[in-house]
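Asker: need a 3D model of the following:
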Amino acid sequence: MLRLPDLRWLGAGTLLNSIGMMGELVVLGWLTLELTDSPFLVGAAMGCRALPLAFVGVPAGVLADRVPRQRLLVATGVGQALAAGLMGSLTLLGVVTLGPLMALTFAAGALRGVEHAARQSYAHDVVGAGALVNGLAVLGIAMRAGWLLGSLGVGALIAHLGSGHAYLPVAAAYRAAGLALLPATAPTPAVDRDEESLWRGVTGFVAAVRHDRTLLVLMLLTAGAEVLGFAHQALLPSLSRDVLQTGPEGLGAMNAARAVGGILALLASMRGFTRGSGALFTGVLLAFGASLIALGAAPYLVGFGGVVVVVVMANAAGALADLLAQSLLQLSVPHHLRGRAGGAWVVAIGFAPLGQLQIGALASLFGVSAALGASGLALVALAGATALLYPRLRAL
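Answerer: Numbering: from 1, shown residues only. Got it, this is the predicted structure:
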């Protein structure tokens, strides 16, 4: 599969973009905690990264069906680099406050929404439907390798140089990610831009979602995984500083563990699974929820090393859930809606701010462990209820 030149360029761009994305996540969480000393506001700041996705997802998908996807990936990489560079400059000058930080994070999140929609549909272009799961797994491995490098590197930079300096390599990684896609080919857009307006493309896809219950259920499960599962990342700064007392290096190590878990799971997934993917999706969500319950208890039972192991397990389940959600959404629509299927996934993960806000609020009121346990229990309940109430999903 790596013999495909465009997949190599796309993989390189994904690796570099993910170094920037995880580095930004680490420095944003730590800087917000330094500015506010509030787990709730850390959740709010991280919510600003994902909030735009709910609004730009479908328009971004329509755009990815009308404009060469490779060019969108180049443009969004450069745009994210500019936003990260500005955040770093404000921090180094000593004038950063929470308001401008959240505003720039919001703008970068909007660009990320376009990048996500374009990347998924471009992967489908490059490898085809038959190899889509393996193609997305390759990109998932590249993404989590980038997370590993970004989290460890930026965690060390924060500890030794401060948050302002840490934003500069984040900006450099985003810029390199955009430039890495320049040699890739730009397939003809799936929809002629003169054939339908952007607004008609958006409303048409909304109508399709309303009439296709399977597509709607997939979006709801993806949103549930974000709100109840992946939102645990908002508590990692507080878990590191306040519960485990390990500082920014500990935060970097836990984010690196997230990447390791994802890489291991995606390597295993490349053996392939085409039948029963819907049933596997719900099973993986059950495991994801159970691992978060374990993460809440781990600091008091097994210490820092045990917490790292549980983080690996939780994010192995999360990576498989993410891979299955993307694959099932892409394979459930015709060719001319591939970009919009990617946009549907972007909309679903755009509900992440709800999870980050609620888990931050729960942590402020009841503690980090209680918040993790409650979120994990709710995810288990959601996956179990879906398996019972919508058996058609098991047939996918």
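
Asker: tally of neighbours for L35?
Answerer: When neighbours are counted by other C-beta atoms under 10 Å, L35 registers 17. In this view, the C-beta of every residue, glycine as well, is placed from N, C-alpha and C.

Asker: which one is it nearest to, not counting chain neighbours?
Answerer: Spatial nearest neighbour of L35, chain neighbours left out: L98 (5.5 Å); criterion: C-beta to C-beta, 6 or more residues apart in numbering.

Asker: I figured the one you found hits D37, correct?
Answerer: No: between L98 and D37 there is no contact under C-beta atoms under 8 Å: 11.5 Å.

Asker: compare those two (neighbour count), which wins?
Answerer: Ranked by neighbour count (other C-beta under 10 Å), L98 and D37 place L98 first, with 15 against 11.

Asker: separation between the more buried one and M46?
Answerer: The gap separating L98 from M46 is 13 Å, by C-beta to C-beta, to the nearest Å.

Asker: what do you get for H124?
Answerer: For H124, the distance to M46 (C-beta to C-beta) stands at 29 Å.

Asker: between the two, who's got more neighbours?
Answerer: When H124 and M46 are compared on other C-beta under 10 Å, the one with more neighbours turns out to be M46, at 30 against 26.

Asker: now the more buried one: which helix or strand?
Answerer: helix 39-66 (DSSP states H and E).

Asker: what part of this structure, helix or strand, is modelled with the least confidence?
Answerer: Of all helical and strand segments in the chain, the minimum by mean pLDDT, DSSP states H and E falls on helix 198-211, at a mean of 68.

Asker: which parts of the stretch 251-396 of the chain are helices?
Answerer: For the stretch 251-396 of the chain, the helices defined by DSSP state H, counting those that start in this stretch occupy 277-301, 303-331, 338-349, 352-366, 368-389.

Asker: off-centre distance for the fourth one?
Answerer: If I follow you right, that is helix 352-366. Relative to its chain's centre, helix 352-366 lies at 18 Å (C-alpha atoms, centre = their mean, to the nearest Å).

Asker: quick check, central residue of the chain?
Answerer: When C-alpha atoms, centre = their mean is applied to the chain, the residue found nearest the centroid is I349 (7.3 Å).

Asker: surely it meets A223?
Answerer: Yes: I349 is within contact range of A223, at 7.3 Å (criterion: C-beta under 8 Å).

Asker: which residues touch G164?
Answerer: Counting by C-beta atoms under 8 Å, 6 or more residues apart in numbering, G164 makes contact with G88, S89, T91, L92, V96.

Asker: which of these sits closest to V170?
Answerer: Closest approach between the contacts of G164 and V170, by C-beta to C-beta: G88, at 7.3 Å.

Asker: could you check which helix or strand contains the closest one?
Answerer: Short version, using DSSP H and E: G88 is in helix 69-92.

Asker: with G146 instead?
Answerer: In this structure, G146 sits in helix 132-161 according to DSSP H and E.

Asker: how far out from the middle of the chain is whatever helix or strand comes next after that helix?
Answerer: Next helix or strand after helix 132-161 toward the C-terminus (DSSP H and E): helix 163-180. Relative to the centre of its chain, helix 163-180 is centred 18 Å away, using C-alpha atoms, centre = their mean.

Asker: list the buried residues in helix 163-180.
Answerer: The neighbour-count check on helix 163-180 (16 or more other C-beta atoms under 10 Å) flags 163-180 as buried.

Asker: Q80 touches V114, doesn't it?
Answerer: No: between Q80 and V114 there is no contact under C-beta under 8 Å: 10.1 Å.

Asker: quick one on the thing from earlier: state the distance from the residue nearest to the centre of the chain to A378.
Answerer: 17 Å.

Asker: so what's L221 scoring on pLDDT?
Answerer: Looking at L221, its pLDDT is 91.

Asker: how about it: what's its closest non-neighbour residue?
Answerer: Sequence neighbours aside, T386 is the residue nearest to L221 in space, at 6.2 Å (criterion: C-beta to C-beta, 6+ apart).

Asker: and the one you found, what does it touch?
Answerer: Neighbour list for T386: V217, L220, L221, T282, L393 [criterion: C-beta under 8 Å, 6+ apart].

Asker: same list (those residues) but as CSV, adding neighbour count and distance to A256.
Answerer: What follows is these, written out as CSV (neighbours: other C-beta atoms under 10 Å; distance: C-beta to C-beta, whole Å):
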residue, neighbour count, distance to A256
V217, 18, 34
L220, 15, 31
L221, 25, 27
T282, 21, 29
L393, 20, 33
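
Asker: make JSON lines out of these and add distance to R8.
Answerer: Below are these laid out as JSON lines (distance: C-beta to C-beta, whole Å):
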{"residue": "V217", "distance to R8": "35"}
{"residue": "L220", "distance to R8": "35"}
{"residue": "L221", "distance to R8": "32"}
{"residue": "T282", "distance to R8": "34"}
{"residue": "L393", "distance to R8": "34"}
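
Asker: mind picking the two most distant members of those residues?
Answerer: So, these by C-beta to C-beta: farthest apart are L220 and T282, at 12.0 Å.

Asker: if we can go back for a sec, which one of the contacts of T386 is nearest V62?
Answerer: Nearest to V62 out of those is L220 (C-beta to C-beta; 21.2 Å).

Asker: host element of that closest one?
Answerer: helix 213-224.

Asker: got a list of contacts for that helix?
Answerer: 208-210, 281-282, 285, 325, 328-329, 332-333, 344-345, 347-349, 351, 379, 382-383, 386, 390, 392-393, 396.

Asker: mind checking which of those residues are buried?
Answerer: Of these, these count as buried by 16+ other C-beta under 10 Å: 208-209, 281-282, 285, 325, 328-329, 333, 344-345, 347-349, 351, 379, 382-383, 386, 390, 393, 396.
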